[in-house]
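In: kindly return the folded structure for what I paste below:
(one chain, ligands or ions: 1)
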Amino acid sequence: MNHNPKLTRRDFFKMSGAAAATLALGTGASAPANVQAATLSLGTHVKASLPKAKGPRLVVVGAGTSGLTIAKYAKKAYPRFDVVMVEKRDMYSSCFSSNLWYADLINLEFLANHSFLDAARNNHYIFFNATCTGLDRAGRKLMTNMGEIDYDYLVLAPGIDYDYSRIGVSDAESETLLRTDYPAGWTMPTEHVTIRDKIHGFDGGLFIQTVPGGNYRCLPAPYERACMIASYFKKNRIKGKVLVLDHNPDITIKAKGFHAAFDELYKDYIEYKPSAEIKGVDVAKKIIKTEFDSYRFDDAAIYPGVRGARIIETFGLVDPNSNQKEANIDGFKYHVIGDERVYVTGDSRPMPYSKSANTANTEGKYVAKVLAAHAQGKSINWESPRTLCYSMVNADPMEAISVDAGYAYDKKKKAFGFSSDTKLYENRDQAKGRATLEWARGIYRDLFA
Ligand SMILES: Cc1cc2nc3c(=O)[nH]c(=O)nc-3n(C[C@H](O)[C@H](O)[C@H](O)COP(=O)(O)OP(=O)(O)OC[C@H]3O[C@@H](n4cnc5c(N)ncnc54)[C@H](O)[C@@H]3O)c2cc1C
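Out: Numbering: from 1, shown residues only. Purely as a prediction, here's the structure:
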């Protein structure tokens, strides 16, 4: 290792966080030699400015649904844990429920008026605003752009990243244009702002919403979004149509309820095309190509493939059997294979559960108990996560459909699938419309209060 003894802590903070992150993540970007030497040596010398741990230190990376649940409930289950939450965003805004904002059913405060600091104070853990950049599992150290953190237990809950190669886009220029001009709206809050502006400023024509294949984040959400956009067009007499280009042979969940909404509420506003796998996008000409057709759009929200968050791959934790680069973990206990100190949870898990907030929240409560048990030399029985998921299909009046799913392990197939108590509620009604908002409020309370 190349040390630079002259580098001070002040120098470190003056350096660009991005440069530090890039080098530690090993993306191959070039930087001046002196910066490289300085950055590489930092990983071993600069400690994060944190109070001394008062018990076994549990570091959680990612203050999304999964991480926030685990930080809170691990502390409850085993108060000796000294919990540190590492999150790169300095402001929370919810991914779930964002579709409702497009149709003005909620305001931005509903999604964003939740403070990481309140969550930490109310639940007796430390919030540390930093980007996790490296991992030394042998030394039990996590690197961040704000210094190194020693851990006894580490939970990585970093969510997802997009995989544009799955829609035939493999050059960085087209991918960057797509991310900027036609964002998917399934990760960063800033994508939601852009999509809402597109919908509210739409002059008419064709708006394309794509649906990827694989186990993408929130199966019903692209169809819910189509309903919310169509309802906005209908209400505001915008001469627009939403074309849903679906990679899959049919709507992936709550199909009856969504088809009914498309046909009965939005006949003139939604066109649904199944088995429309995207093979490429010509961004300049605004053309999406499928195997047999080309579609020219006026505007779009292009949802590419989904993969486990990039740090899972960077840290060498990808499951070789996962075609979405999800983590190589024990399906029942969530620890990395061969390492009971590092866990991966939430939407980077490889199990075929619905990548949704309710799943991450119920799973997080179970993982918190697993961690507490391990720290006390005990073990607990597996508990299935629960996917309770509402989809708003009508804005005026508010009407929704829902699913309530559990999971079971099939020993013969050696695979997880839906459990037999899974139920679909596909007749839209106003009670479920109200429950959609109540469900979200309940999750926010659970994460932040
Ligand atoms: C439009 C939309 C609608 C949805 N609708 C529903 C719904 O109706 N019902 C439902 O149950 N779910 C819904 N979901 C899905 C739900 O939001 C997610 O599945 C769930 O929040 C996943 O939780 P997570 O903690 O795994 O990931 P996330 O919530 O994405 O959290 C990951 C966190 O990790 C942080 N992070 C990542 N990398 C680093 C790093 N290197 N260093 C530090 N921090 C890092 C990120 O900033 C982020 O805060 C919807 C999602 C979207 C986008």
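In: tell me the phi and psi of the residue of the stretch 51-200 of the chain found nearest the ligand?
Out: Closest approach between the stretch 51-200 of the chain and the ligand, counting by Cβ to the nearest ligand atom: Gly64, at 1.8 Å. Any C-beta I mention is one placed from the backbone N, CA and C, and that applies to glycine too. Note on Gly64: its backbone torsions stand at phi -100, psi -160 [degrees, to the nearest 10].
In: begin at 50, not 1, for the rest of this chat.
Out: Happy to do that; since the first residue is 50 now, the last one works out to Gly113.
In: what's the closest non-adjacent residue to it?
Out: The shortest distance from Gly113 to any residue other than its chain neighbours is 5.4 Å, reached at Gly208 (Cβ to Cβ, 6 or more residues apart in numbering).
In: so who does that neighbour touch?
Out: Taking Cβ atoms under 8 Å, 6 or more residues apart in numbering as the contact definition, Gly208 lies against Gly111, Gly113, Ser115, Thr236, Ala358, Gly395, Asp396, Ser397.
In: how about the contacts made by Tyr402?
Out: Contacts for Tyr402 were tallied using Cβ under 8 Å, 6+ apart; they are Thr408, Glu412, Pro434, Thr436, Tyr456, Phe465.
In: which among the residues you listed gets closest to Asp388?
Out: Proximity to Asp388 was ranked across the contacts of Tyr402 by Cβ to Cβ; first place goes to Glu412, at 19.2 Å.
In: find the nearest non-adjacent residue to that closest one, please.
Out: The spatially closest residue to Glu412, leaving aside those adjacent along the chain, is Pro434, at 3.9 Å (Cβ to Cβ, 6+ apart).
In: the one you found: neighbour count?
Out: 24 (other Cβ atoms under 10 Å).
In: what's the helix or strand for it?
Out: Pro434 belongs to no helix or strand when assigned by DSSP states H and E.
In: surely it and Ala406 touch.
Out: No: contact criterion Cβ atoms under 8 Å: Pro434 and Ala406 do not qualify, at 11.0 Å.
In: what about the contacts of Gly208, which are in strands?
Out: Filtering the contacts of Gly208 for membership in strands, criterion DSSP state E, returns an empty set.
In: quick one: which of those is most hemmed in?
Out: Counting by other Cβ under 10 Å, Asp396 has the largest number of neighbours within the contacts of Gly208, with 32 neighbours.
In: got a pLDDT number for that one?
Out: The predicted structure scores Asp396 at 97 on the pLDDT scale.
In: one more: the one 3 residues further on?
Out: Confidence per residue is given as pLDDT, and for Pro399 that number is 96.
In: count of neighbours near Ala329?
Out: I think there's a mix-up here, since residue 329 is Gly and not Ala. By other Cβ under 10 Å, the residues close to Gly329 number 14.
In: what does the one 3 residues further on give?
Out: The local packing of Val332 (other Cβ under 10 Å) involves 19 other residues.
In: one more: Gly104?
Out: When neighbours are defined as other Cβ under 10 Å, Gly104 has 14 of them.
In: next one: Cys267
Out: Here the neighbour count serves as a burial measure; for Cys267 (other Cβ under 10 Å) it reads 23.
In: that one contacts Gly234, doesn't it?
Out: No: no contact is recorded between Cys267 and Gly234 when judged using Cβ under 8 Å, the distance being 10.6 Å.
In: quick one: pLDDT of the most centrally placed residue in the chain?
Out: Per Cα atoms, centre = their mean, the C-alpha nearest to the average position across the chain is that of Gly208, at 3.8 Å. Reading off the confidence values, Gly208 has pLDDT 97.
In: give me the phi and psi angles of it.
Out: Backbone dihedrals for Gly208, given as degrees, to the nearest 10, come out at phi 80, psi -140.
In: now, the most widely separated pair of the contacts of Gly208?
Out: Based on Cβ to Cβ, the longest span within the contacts of Gly208 runs between Ser115 and Thr236 and measures 14.1 Å.
In: check which helix or strand covers Lys328.
Out: In this structure, Lys328 sits in strand 327-331 according to DSSP H and E.
In: same for that strand, what does it pack against?
Out: Applying 3 or more Cβ pairs under 8 Å, 6 or more residues apart in numbering; DSSP states H and E, we find strand 327-331 packed against strand 336-339.
In: what comes into contact with the helix or strand following the strand it packs on?
Out: Following the chain from strand 336-339 toward its C-terminal end, the next helix or strand by DSSP H and E is strand 343-345. If you take Cβ under 8 Å, 6+ apart as the criterion, strand 343-345 is touched by Leu255, Ile257, Leu292, Leu294, Lys334, Lys335, Ile336, Ile337.
In: and the stretch 50-199 of the chain, which residues reach the ligand?
Out: 110-116, 135-138, 144-145, 147-148, 180-181 (Cβ under 6 Å from any ligand atom).
In: what pairs with the helix or strand harbouring Thr182, parallel or antiparallel?
Out: Under the assignment given by DSSP H and E, the secondary-structure element containing Thr182 is strand 181-185. For strand 181-185, sheet partners with direction are given as strand 190-193 (antiparallel), following DSSP bridges.
In: which parts of the partner strand are buried?
Out: With burial defined by 16 or more other Cβ atoms under 10 Å, the residues of strand 190-193 counted as buried are Lys190, Leu191, Met192, Thr193.
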